[in-house]
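1. Take a look and give me a structure for this.
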Amino acid sequence: MMLYRPIMTKDEFIAMNGGDPNVDHGMLRYPHGISKAEHRRNEKRMDIQFGTLHDLRAVYAQMLGMGYFREPTDAERLVTTARGHPDNQSVQAARRICTKRGVVWTDPKWEYLENQPVHVSG
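-> Numbers count the residues shown, from 1 in each chain. Model prediction:
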């Protein structure tokens with residue numbers, strides 16, 4: 001008997017727990033038009049955000065190791081992307097890759113990917 005484990009990527013976990021997975025060091029540059037005080041405030045905010053991201057990544061790795069959820073397989077990632085809006089270029093590319101690999105993204109067996117229930121306690 002196979003136990004059901006929810007599927008969750010690291011970015012989904014971070015976003016669900018209040019972090020921003022898109023934060024990077026490039027946001028710390030000193031653009032024209034802001035004062036030094038504003039730059040210092042931005043640096044403090046980013047330090048807090050980086051600390052939060054580091055902590056959330058550690059929690060994600062720990063919970064993944066304990067089996068609370070699992071990462072999606074390559075086929076699941078492709079099918080999830082392929083089920084998007086047909087005008088989107090990434091959706092079109094995912095559909096081409098699915099066709100090339102013989103994955104039928106319209107098959108009802110992939111329905112479990114829709115509206116994944118998230119049961120994460122931390």
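
2. Test my guess that residue 5 contacts residue 71.
-> No - look at residue 5 against residue 71 with Cβ atoms under 8 Å: they stay out of range, at 10.1 Å. In short, each C-beta sits where N, CA and C put it, glycine included.

3. Contacts only, for residue 9.
-> Residue 9 is in contact with 71-72, counting by Cβ atoms under 8 Å, 6 or more residues apart in numbering.

4. Show the pLDDT at it.
-> Looking at residue 9, its pLDDT is 87.

5. Now the phi/psi pair for it, please.
-> phi -90, psi 170 (degrees, to the nearest 10).

6. ok, now how distant is it from residue 42?
-> 28 Å (Cβ to Cβ, to the nearest Å).

7. Kindly report the same for residue 85.
-> Where residue 42 is concerned, residue 85 sits at a distance of 35 Å (Cβ to Cβ).

8. Show me the strands in this protein, by range?
-> Under the criterion DSSP state E, the chain carries no strands.

9. domain ranges for it?
-> With domains defined by automatic domain parsing, the chain comprises 1-71, 72-114.

10. and these, which one is worst for confidence?
-> Among those, domain 1-71 scores lowest, at a mean of 79.

11. so who does the closest residue to residue 97 other than its chain neighbours touch?
-> Ranked by Cβ to Cβ, 6 or more residues apart in numbering and with sequence neighbours excluded, the top spatial neighbour of residue 97 is residue 78, at 5.9 Å. For residue 78, the contact set (Cβ under 8 Å, 6+ apart) comprises 94, 97-98, 101, 103, 105.

12. Name the residues of stretch 60-73 that are buried.
-> 60, 63-64, 68-69, 72 (16 or more other Cβ atoms under 10 Å).

13. Confirm for me that residue 18 is in contact with residue 53.
-> No - with contact defined as Cβ under 8 Å, residue 18 does not count as touching residue 53 (10.6 Å).
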